[in-house]
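Asker: Sequence first, then the predicted structure:
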Amino acid sequence: MIYRDSDHLKRSMRSFTAFLVENSQIMRDGKFICDACRGSGSVVPDHIQADPVEGHKLSPRTACSACSGTGNWSERQWRVYFKEFRHRYRAAEQATNASKLLVKKALSKLTDDEKAALGLEDRA
Ligand SMILES: [Zn+2]
């Protein structure tokens, strides 16, 4: 999935419907495409290195294990993927907020002179 900005990501995380609206590229011809192979049904194995000039254009490909080579996922698979992704996003968001709160709490204990000595007067 490609997110244009953080607002786009926040909107997408609201619900599965919002996620579908924001990420219309996961559907093609009314079907959900596989996220691992982008709907092609084949992938380049991990041990194959890209050619410095041609990239993976001429690399051998194998059937995608995530979709068994069909290139499609069911809506249920995307819902499970979305649920796991949202869970990881929320956990990361909470960890970031906790970290920011800790920094803010620590900075509140410093005097203005101490903040200036540390070069933090702009951020406080
Ligand atoms: Zn696939």
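Answerer: Cool, the structure landed.
Asker: who does the host helix or strand of residue 11 touch, helix- and strand-wise?
Answerer: Applying DSSP states H and E as the criterion places residue 11 in helix 6-12. Under the contact definition 3 or more C-beta pairs under 8 Å, 6 or more residues apart in numbering; DSSP states H and E, helix 6-12 sits against helix 16-22. For glycine as for every other residue, the C-beta is placed from the backbone atoms N, C-alpha and C.
Asker: and for the helix it packs on, what are the contacting residues?
Answerer: Outside helix 16-22, the residues that touch it by C-beta atoms under 8 Å, 6 or more residues apart in numbering are 8, 11-13, 26-27, 78-79, 82.
Asker: Report the mean per-residue pLDDT for it.
Answerer: Summarised as a single mean, pLDDT over helix 16-22 is 86.
Asker: So what are the sheet partners of whatever helix or strand comes next after that helix and their directions?
Answerer: Using DSSP H and E, the helix or strand that follows helix 16-22 in sequence is strand 27-28. Strand 27-28 sits in its sheet next to strand 31-33 (antiparallel), going by DSSP bridges.
Asker: Indicate whether the host helix or strand of residue 82 makes contact with the ion.
Answerer: Using DSSP H and E, residue 82 maps to helix 75-108. No: Helix 75-108 stays clear of the ion (C-beta under 5 Å from the ion), getting no nearer than 10.2 Å.
Asker: Appreciated, that's everything.
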